[in-house]
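S.K.: next input, structure requested:
(one chain, ligands or ions: 2)
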Amino acid sequence: MYRESFLKEETKGDFGIVDAFLENDIDEFLISKKNHKIFINQGNNITVYEIDIFIFETEEIDYSFPVIFCEDETKEKMLNEKFEELKKLSIAGELAAGTIHEIKNPLSAIRGFVQLLEKSFQDEDKRKEYSNIILKELDRLTELIREFLIIAKPSDVKYTIGNINLIIKDMISLIEPKANMYNISVKALLSESIPEIKMNAEHIKQVFLNLFNNAVDAMHDGGELFIVSSFNGNEIITEIKDTGHGISPDEMDKIFEPFYTTKNEGTGLGLAICKKIIENHKGTISLNSQVGEGSTFTILLPLKGD
Ligand SMILES: Nc1ncnc2c1ncn2[C@@H]1O[C@H](COP(=O)(O)OP(=O)(O)OP(=O)(O)O)[C@@H](O)[C@H]1O
Ligand SMILES: [Mg+2]
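M.R.: Ligands and ions are numbered 1, 2, ... in the order given. Sure, this is the predicted structure:
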């Protein structure tokens, strides 16, 4: 770090005074502070200097002067960039490892049922039963790969203009049979004044379907699923509220992570994908929950998402 104080000849190079300011309560003497970044291009290397300009004033010393702190930030910037790169790679690696782990189960099921199919090919009932299981497992594999790609390759997503309310209504009709089964009432209050926005309808459908499914899964003893949509002039706000078992503060940190699940049949990719899809739309998803009372997921989607 380079330091220089100037204005009055007496203070030049007198870092004792500067250090005294810094060690004590400098706010007392500080009149203003400005921060600038300077980028110096040297061949292929860009050096970044961060400059802090403090202006001090004190009656004791009887003069005011600026102090400039100049720091070569290049190394720190490079290290930060490398760290971000490594973080991305490790997330991609974790995701790939998790997906491969999830792929192993359907693959071994398919292998087993192909062997059974070979043995009992003459028996029509068995042939149908085993073929159906194989097809179901193949669909599961396709779905897993599709979900993996949403997280790993968001740049491939195509956007068109669409209406969120229509998607919510479609997804409610998909979840209703399962909700009825568990004695859950589904209510929606959808504002008519919601504008159309640029979105990937298939992905947004997936967000609502997963949130509705999660809500129903949290209310196997019955309850209420309440969906509200509104528009505040800049963003479309949707709230998905359930009266289920709720989520503890400990769990709240984990539920958006890929492969975190408390369900026997879950992959734990649902909320990680919801978050990624909403982020791809430049929006946010947040959560409010009380154990024993229920959870509310809030999605904000900006009108100008691109
Ligand atoms: N509305 C909710 N109420 C209570 N717990 C919830 C709710 N939504 C999510 N969770 C918790 O968060 C975990 C992660 O949810 P997520 O949707 O990512 O995966 P999943 O539902 O377990 O599996 P998948 O969606 O992949 O089938 C769930 O297993 C559950 O423990
Ligand atoms: Mg889920």
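
S.K.: which residues of the stretch 151-300 of the chain lie near ligand 2?
M.R.: Applying the criterion C-beta under 5 Å from the ion, the portion of the stretch 151-300 of the chain that neighbours ligand 2 consists of 210, 214, 270. To be clear about C-beta, it is placed using only N, CA and C from the backbone, and glycine gets the same treatment.

S.K.: out of those residues, who has the most neighbours?
M.R.: Greatest neighbour count in these, by other C-beta atoms under 10 Å, goes to residue 270: 24 neighbours.

S.K.: from ligand 1, how far off is the closest residue to that residue other than its chain neighbours?
M.R.: Closest residue in space to residue 270, ignoring its immediate chain neighbours: residue 210 at 4.0 Å, by C-beta to C-beta, 6 or more residues apart in numbering. Using C-beta to the nearest ligand atom, to the nearest Å, residue 210 is found at 5 Å from ligand 1.

S.K.: in contact with residue 210, which residues?
M.R.: With contacts defined as C-beta atoms under 8 Å, 6 or more residues apart in numbering, residue 210 is in contact with 270, 271, 273, 274.

S.K.: same thing but at 10 Å, please
M.R.: 171, 269, 270, 271, 272, 273, 274, 277, 297 (C-beta atoms under 10 Å, 6 or more residues apart in numbering).

S.K.: you'd agree the third one is up against residue 208?
M.R.: No: taking C-beta atoms under 10 Å as the contact criterion, residue 270 and residue 208 are not neighbours in contact, 11.4 Å apart.

S.K.: tell me who's in contact with residue 291.
M.R.: Contacts of residue 291 by C-beta under 10 Å, 6+ apart are 245, 246, 247, 248, 249, 251.

S.K.: widest-spaced pair of those?
M.R.: Largest separation among these by C-beta to C-beta: 245 and 249, giving 14.2 Å.

S.K.: give me the low-pLDDT residue ranges for the stretch 201-306 of the chain?
M.R.: Across the stretch 201-306 of the chain, residues meeting the criterion (pLDDT under 70) sit at 305-306.

S.K.: picking up where we left off before, more crowded one of residue 245 and residue 249?
M.R.: The neighbour count for residue 245 versus residue 249, taken as other C-beta under 10 Å, is higher for residue 245 (18 against 8).

S.K.: my guess is the more buried one meets residue 214, correct?
M.R.: No: counting by C-beta under 10 Å, residue 245 does not reach residue 214; the two are 11.2 Å apart.

S.K.: shared neighbours of the two, anything?
M.R.: The contact lists of residue 245 and residue 214 share residue 295, where a contact means C-beta under 10 Å, 6+ apart.

S.K.: nearest to ligand 1: which residue in the stretch 1-150 of the chain?
M.R.: Nearest residue of the stretch 1-150 of the chain to ligand 1 (C-beta to the nearest ligand atom) works out as residue 147 at 8.1 Å.

S.K.: on that earlier part again, among the contacts of residue 210, which are in helices?
M.R.: 171, 270, 271, 272, 273, 274, 277 (DSSP state H).

S.K.: closest to residue 220 out of the residues you listed?
M.R.: Proximity of the ones in helices among the contacts of residue 210 to residue 220 was ranked by C-beta to C-beta; the top entry is residue 270 with 16.9 Å.

S.K.: look up how far ligand 1 lies from that closest one.
M.R.: Applying C-beta to the nearest ligand atom, one obtains 2 Å for the distance of residue 270 from ligand 1.

S.K.: residue contacts, that residue?
M.R.: Shown in contact with residue 270 (C-beta under 10 Å, 6+ apart): 147, 206-207, 209-211, 213-214, 217, 255-256, 258, 260-261, 263.

S.K.: try it again at 8 Å.
M.R.: Each residue near residue 270 by C-beta under 8 Å, 6+ apart is listed here: 210, 213, 214.

S.K.: with residue 203 instead?
M.R.: 150, 157, 277, 280.

S.K.: how about those residues in JSON lines, adding secondary structure and neighbour count?
M.R.: Converted to JSON lines, the contacts of residue 203 look like this (DSSP: H, G, I helix; E, B strand; the rest coil; neighbours: other C-beta atoms under 10 Å):
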{"residue": "150", "secondary structure": "helix", "neighbour count": "21"}
{"residue": "157", "secondary structure": "coil", "neighbour count": "16"}
{"residue": "277", "secondary structure": "helix", "neighbour count": "25"}
{"residue": "280", "secondary structure": "helix", "neighbour count": "18"}
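
S.K.: could you single out the nearest of those to residue 237?
M.R.: Here the nearest of these to residue 237, counting by C-beta to C-beta, is residue 277; it sits at 16.6 Å.
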